Structures are given as C-alpha cells and as structure tokens.
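[1] No letters, just coordinates:
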C-alpha cells in the first residue's frame, strides 16, 4: 500500500465512519468488544484522531482534554485532582487502534509522535493512558515511550488496569537511536493538520 501518511481530527460523517471502521476491525473482530463499546462519542472535550495512508483509514485514537476535575471519563475510576493542581490541563488518550498489518511499522511510531504533537498543541501538562494489567507487551513498551506508572484501578468492565502518565517533555523521549532515525526519516512523508505544524 502506497501513499502519504496523514492525520486529522475526525469531524465529518465520513471521518467518524472511518474511526468506527478501525475500532471495529481492532476492538470488535480481534478483541471481541461489543458494538456498544465501539460507539464514537461526541463530547465537546473529546477529539477523535484519524490516520490514513492514502485514502485508507489505518489508525485512530480518542483524546479527552480536561481543564477541570471531572472533565475526563477516566476520573470515574481514578482520582486526578492532584494532577490538575500540578499540571493544569490533562490529556487522556484511549481507544488507540492500529490496523493489524501496520503495527510495528513506521505507522505505529508516527501515531505516537502525532499524539505527542497534539498534547503540545493543546498545551497539556501531562498525558495519561491505561493498559490491562495482563498486557505484558504494552507494560514493557510504555516506559520506552517516556511513561511512568501512576497507579492501578478497576476500569469498569475491562477490569484491573495500569494507569500511566507522561509529561510532554518526556513522551517518546526514550526512543533508541534506530527508532529516532526512522521517525526523522518518515517525517517528510507525513502530512499533518495545518493547525499543528507550528509545534512540530
């Protein structure tokens, strides 16, 4: 598959259908989540990011930006009050899904880079995420992306999860030299939203 990697905020009906398609392929077919769990929300502080290669949707993530306690959905399960006091604005990213054939590729690396840029663009003081406690590959990967364990909690029907945090200055900080060269090499082929180019 050829084509430039692009990223934009999903705003049109077609964009949201693409987000749902990626979620369905990854979380539905592969992981057995119900259709209700795949619904694309429309809260005012919720941003759905869509990655494409050419015209084909290949990845998505949802970011919630919180400026006041109670702003993000994860707060139903984990207390972030002290984070608001320390960092001001939080970004919680979730439902990060990449079509199987693109995992472990430059697309995967670029998706984390985009998330980092979006956190900078939103002036977030800290980025938070969760992973299942039994997901050993993710638990191994998160520190390499600059994340530190913030704690654990019971996350609804998902069960026990690890909660991770990273300040933007540390996010994707610990890339090894090979991955860093790879990332720099693909940037000329990546098209970013105009609003975010000033932070790249």
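    Happy to help now that I have it. Every value quoted in this text rests on a predicted model; they were computed, and no experiment measured them.
[2] alpha carbons only for contacts and neighbour counts from here, please
    OK.
[3] What are the buried residues along the top helix by length along the chain?
    Using DSSP state H to define each element, the chain has its longest helix at helix 106-121. Residues of helix 106-121 classed as buried by neighbour count (16 or more other C-alpha atoms under 10 Å): 107-120.
[4] Now do it: distance to the chain's middle.
    The chain centre lies 8 Å from the centre of helix 106-121; the measure is C-alpha atoms, centre = their mean, to the nearest Å.
[5] Mean confidence (pLDDT) on that helix, please.
    On average, the pLDDT along helix 106-121 is 82.
[6] which residues sit against stretch 89-102?
    Here stretch 89-102 makes contact (C-alpha atoms under 8 Å, 6 or more residues apart in numbering) with 22-23, 25-27, 58-68, 72, 74, 83-84, 108, 119, 123-130.
[7] Okay, and which of these map to helices?
    22, 23, 83, 84, 108, 119.
[8] What is the nearest of those residues to residue 170?
    Residue 170 has its nearest neighbour among the ones in helices among the contacts of stretch 89-102 in residue 119, at 11.8 Å by C-alpha to C-alpha.
[9] partner strands of the biggest strand by length in the chain, parallel or antiparallel?
    Longest strand in the chain, counting residues (DSSP state E): strand 56-66. Strand 56-66 has the following strand partners under DSSP bridges: strand 46-53 (antiparallel), strand 90-98 (antiparallel).
[10] Next, the angle from it to helix 106-121.
    Strand 56-66 and helix 106-121 are oriented at 30 degrees to each other (axes from the mean of the first three to the mean of the last three C-alpha atoms, to 10 degrees).
[11] buried set for strand 56-66?
    57, 58, 59, 60, 61, 62, 63, 64, 65, 66.
[12] which residues touch that strand?
    18-19, 22-23, 45-52, 71-73, 89-99, 102, 111, 122, 124.
[13] mean confidence for that strand?
    In the prediction, strand 56-66 has an average pLDDT of 93.
[14] buried stuff in stretch 24-37?
    Applying 16+ other C-alpha under 10 Å to stretch 24-37 flags 24, 25, 26, 27, 28 as buried.
[15] Mind checking what secondary structure residue 33 has?
    coil (DSSP: H, G, I helix; E, B strand; the rest coil).
[16] low-scoring pLDDT stretches of the protein, where are they?
    For the chain, residues meeting the criterion pLDDT under 70 lie at 1-2, 38, 105, 173-200.
[17] switch to 90 and redo it
    1-11, 26-44, 49, 52-54, 94-96, 101-122, 132-139, 141-146, 155-159, 168-200 (pLDDT under 90).
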